[in-house]
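Asks: got a predicted structure here, sequence first:
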Amino acid sequence: MSEVKKIKPSLSKGTRDFLPSEVAKRNYIFDTIKTVFRKYGFEEIETPAIERLETLTGKYGEEGDKLLFKILNSGDYLSEVRNQKSEIRELDPKEITPLIAEKGLRYDLTVPLARYVVQHQENLAFPFKRFHIGPVWRADRPQKGRYQEFYQCDADIIGSISLFNEVELTKIYTEAFSKLGLKTTIRVNNRKILEAIAEYANCKELLTQITVVIDKLDKIGMDGVKNELGKLNLSGEQQEKIYSLLQVKTAGELKPAFSAIEIGRKGIDELSFVLAHAEANVVFDVTLARGLNYYTGIIWEAECNDVKIGSIASGGRYDNLTEMFGGQNMSGVGISFGIERIYDVMEELNLFPEAISQGVQVLFVPRDISVEEFAFQQVQKLRDAGISAEIFLGNVKKQKQFTYAEQKNIAYLVEVGDNEKNTEVFRLRNAKTRDTQNDISLEEIIRQLS
RNA sequence: GUGGCUUUAGCUCAGUUGGUUAGAGUAGCGGUUUGUGGUACCGCUGGUCGUGGGUUCGAGCCCCAUAAGCCACCCCA
């Protein structure tokens, strides 16, 4: 007998296993959203989980680079280090990382998309409309609702500057959420308006910091914003200017302030166009900022009306996506569904249809091993007729068989004993209600369940 | 990167001021009962008490270190 060392079963930090019922629910979300994407002409792509570190680094800022999972080179990964450094004390993580790791796990789906578009542009039809659903990895400290491995669900349009793309993506939001049964509010703003606000307050160079502060508004309140703006060395007058613009309820109210700021007027026009074509649940919110500073036009954020969990979808237009890979500059606009949160919300609101976790239609239970073969043949007949069916094999306790049917959410049970084998007449029992139909032939069962 | 909490059976958790052989429920396995069925009962397996030190006649419990996980912040999805 070999001595096997027992390992306590456990997961790596920030990762999850999914039970069959959970996978069914997740797939329901994916499938619903995919159907909408396809209806609007988006095609699905896949890219590897592993990318060259070169592709990934430098795209997410210094913070992001720290959160990249790096893959240790195979073989003698220290050989290069030995060549270049003799003393272990000289090792600086920043210097040795490129020597021992050339690959990493993707951090999002957007940078791989940029790489993909530049690399395959000859074979792609532009405007390129693609969607992509898959896991991404971040070496972040996990917490509730935040994981090191999680799924992103993106749809983007590359290479078209028409604002109808924005309208289309807004419609996709509305349609997908409605199909999932979620009541949402979609807030929109325009990065150009935020730029104009910074210009209006005469502090263009602080745009990034200001947007980060504005983004926190609903968390820290107006006093908190004033406090943070003060830390940025803004004068009282500058703060007052920003503060006053954050009070507006419609884009039109910004017009007087932006009379001399062209980019601001452009931002207002773009927003008005999208809002004019959008549904009722889309509203303008000047305080919507989003930390990401690669956005250059419209930005979206969607929240669930019934559960306070933060944003469950977001997106925006970005003009410089392919630049970093030496591609001809193409404008892109995209949306992303936060499916981990959508799952939590739908679970809380009980929005998953009963049918999605349904097991096979019938479970055949032989009373004894001697009738297994007969039962097996009946099950195969049902399957041939297009009815999903299982047989519970092995001479085990009845209790187990019923528990099995319950756990797998199987609708009907048929127990097979000598009587059934001789007469070929069965009893069809509803596993939930326990209603029983006596003396029913296999043909009749097929008819009922088809 | 900063802080808080947790860690005892596969899972959920008890475990008294430090004192014999560390318990329960649940799951798993087996048996009895039932025998067109979803009941009831009995038994068994499973633990280097996260890890390493220390204090003590004696540590699951006290002290130190360390690891992992979770939660909150930063940031983000």
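Replies: Okay, I see it. Numbers count the residues shown, from 1 in each chain, chains lettered A, B, ... in the order given.
Asks: next one: whichever strand or helix holds A:Arg383 to chain centre, how far?
Replies: Here A:Arg383 sits within helix A:372-384, counting by DSSP states H and E. Chain-centre distance of helix A:372-384: 41 Å, with Cα atoms, centre = their mean, to the nearest Å.
Asks: in the next helix or strand after it, which of the residues would be classed as buried?
Replies: On the C-terminal side of helix A:372-384, the nearest following helix or strand under DSSP H and E is strand A:389-391. Judged by neighbour count (16 or more other Cβ atoms under 10 Å), strand A:389-391 contains these buried residues: A:389-391. Where you see a C-beta, it was placed from the backbone N, CA and C, and this is true even at glycine.
Asks: contacts for strand A:389-391 next, please.
Replies: The contact list for strand A:389-391 (Cβ atoms under 8 Å, 6 or more residues apart in numbering) reads A:359-366, A:372, A:375-376, A:379, A:382-383, A:408, A:410.
Asks: redo that, cut-off 7 Å
Replies: Contacts made with strand A:389-391 from outside it, assessed by Cβ atoms under 7 Å, 6 or more residues apart in numbering, are listed as A:360-364, A:375-376, A:379, A:382-383.
Asks: now the element after it, going C-ward?
Replies: Counting by DSSP H and E, the next helix or strand C-terminal to strand A:389-391 is helix A:398-407.
Asks: what is the orientation angle of the longest helix belonging to chain A with helix A:398-407?
Replies: Secondary structure of chain A read by DSSP state H shows that its longest helix is helix A:20-39. Inter-element angle recorded for helix A:20-39 and helix A:398-407: 20 degrees (by axes from the mean of the first three to the mean of the last three Cα atoms, to 10 degrees).
Asks: tell me what the helix or strand just after helix A:20-39 is packed against?
Replies: With elements assigned by DSSP H and E, the helix or strand that comes after helix A:20-39 is strand A:43-44. Counting contacts by 3 or more Cβ pairs under 7 Å, 6 or more residues apart in numbering; DSSP states H and E, the secondary-structure elements packed against strand A:43-44 are strand A:128-137.
Asks: who are the packing partners of the strand it packs on?
Replies: Where contact means 3+ Cβ pairs under 7 Å, 6+ apart, strand A:128-137 is packed against strand A:43-44, strand A:149-158.
Asks: minimum distance to RNA strand B: which of these has it?
Replies: Minimum separation from RNA strand B across the helices and strands packed on strand A:128-137 (Cβ to the nearest atom of the strand) falls at strand A:149-158, 3.9 Å.
Asks: in its sheet, what does the closest one sit against?
Replies: Based on DSSP bridges, the pairing partners of strand A:149-158 within the sheet are strand A:128-137 (antiparallel), strand A:332-337 (antiparallel).
Asks: got JSON lines for these, with distance to RNA strand B, mean pLDDT and mean neighbour count too?
Replies: Converted to JSON lines, the strands paired with strand A:149-158 look like this (distance: least, Cβ to the nearest atom of the strand, whole Å; pLDDT from 0 to 100; neighbours: other Cβ atoms under 10 Å):
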{"stretch": "strand A:128-137", "distance to RNA strand B": "8", "mean pLDDT": "96", "mean neighbour count": "20"}
{"stretch": "strand A:332-337", "distance to RNA strand B": "6", "mean pLDDT": "95", "mean neighbour count": "25"}
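Asks: is it true that A:Pro142 touches A:Gly14?
Replies: Yes. Here A:Pro142 reaches A:Gly14: they are 3.5 Å apart, a contact under Cβ atoms under 7 Å.
Asks: picking that back up, which of the helices and strands packed on strand A:128-137 is buried the deepest?
Replies: Comparing the helices and strands packed on strand A:128-137 by mean neighbour count (mean count of other Cβ atoms under 10 Å), strand A:149-158 comes out on top with a mean of 22.
Asks: now it: how far from the chain's centre is it?
Replies: Relative to the mean C-alpha coordinate of its chain, strand A:149-158 is positioned 6 Å out (Cα atoms, centre = their mean).
Asks: other residues contacting the following helix or strand past it?
Replies: Later in the chain than strand A:149-158, the nearest helix or strand by DSSP H and E is helix A:164-180. Helix A:164-180 has contacts (Cβ under 7 Å, 6+ apart) with A:29, A:32-33, A:36-37, A:40, A:155, A:157, A:184, A:186, A:274, A:277-279, A:281-282, A:298, A:302, A:313, A:315, A:317, A:333, A:335, A:346, A:351.
Asks: buried subset of those?
Replies: Burial by neighbour count, judged by 16+ other Cβ under 10 Å, picks out A:29, A:32-33, A:36-37, A:155, A:157, A:184, A:186, A:274, A:278, A:281-282, A:298, A:302, A:313, A:315, A:317, A:333, A:335, A:346, A:351 from the contacts of helix A:164-180.
Asks: nearest to RNA strand B, of the buried residues of strand A:389-391?
Replies: A:Ile391 (13.4 Å).
Asks: distance check, that closest one against A:Ala431.
Replies: Shown here: A:Ile391 relative to A:Ala431, a distance of 15 Å by Cβ to Cβ, to the nearest Å.
Asks: again with A:Ala101
Replies: A:Ala101 is 53 Å from A:Ala431, where distance means Cβ to Cβ.
Asks: if we can go back for a sec, now for the longest helix of chain A, which elements pack on it?
Replies: helix A:164-180, helix A:339-349.
Asks: for RNA strand B, find the nearest of those helices.
Replies: Judged by Cβ to the nearest atom of the strand, the one of these that comes nearest to RNA strand B is helix A:339-349, at 5.0 Å.
Asks: with only the CA atoms kept, save the closest one in PDB.
Replies: Taking Å, rounded to 0.1, in the frame of the first residue of the first chain, the C-alpha atoms of helix A:339-349 are listed here in PDB:
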ATOM      1  CA  ILE A 339     -21.700  39.500 -14.200                       C
ATOM      2  CA  GLU A 340     -20.500  38.600 -10.800                       C
ATOM      3  CA  ARG A 341     -22.600  41.300  -9.300                       C
ATOM      4  CA  ILE A 342     -25.500  40.700 -11.600                       C
ATOM      5  CA  TYR A 343     -25.400  37.100 -10.300                       C
ATOM      6  CA  ASP A 344     -25.600  38.300  -6.700                       C
ATOM      7  CA  VAL A 345     -28.400  40.700  -7.500                       C
ATOM      8  CA  MET A 346     -30.500  38.100  -9.400                       C
ATOM      9  CA  GLU A 347     -29.900  35.600  -6.600                       C
ATOM     10  CA  GLU A 348     -31.100  38.200  -4.000                       C
ATOM     11  CA  LEU A 349     -34.200  39.100  -6.000                       C
END
